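Enquirer: build me a model:
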Amino acid sequence: MTTLLSRIQNSLRKRAAYQRTKAEIASIPLATAIDLDIYPPDAPKIAARAVYGPHAA
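Expert: The predicted model follows:
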């Protein structure tokens, strides 16, 4: 039971980190995004890779 709760907590933490990361990337000013070679509409894909690993999304 403890393992199940730990897995659920970990999933919730990752989901929260994904949401925060996605929002931050999407809100980057255009000039900064261009400098960083980031396309803001790719925020979900970038956030998924950052939080869940290179094989995500």
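Enquirer: list the contacts for the residue nearest to the spatial centre of the chain?
Expert: Centroid-nearest residue in the chain, with Cα atoms, centre = their mean: Ala47, separated by 2.5 Å. When contacts are counted by Cβ atoms under 8 Å, 6 or more residues apart in numbering, Ala47 touches 18-19, 21-22, 25. C-beta: built from backbone N, CA, C; applies to glycine.
Enquirer: mind checking how far it is from Ser6?
Expert: Counting by Cβ to Cβ, to the nearest Å, the separation of Ala47 from Ser6 is 23 Å.
Enquirer: sorry, back to before: can you pick the most crowded of the contacts of Ala47?
Expert: For the contacts of Ala47, the largest neighbour count, defined by other Cβ atoms under 10 Å, is 21 neighbours, found at Ile25.
Enquirer: contact partners for that residue?
Expert: Ile25 sits next to 38, 40, 42-43, 46-47 when contact means Cβ under 8 Å, 6+ apart.
Enquirer: just the buried residues of those.
Expert: When the contacts of Ile25 are checked for burial by 16 or more other Cβ atoms under 10 Å, the buried set is 38, 43, 46-47.
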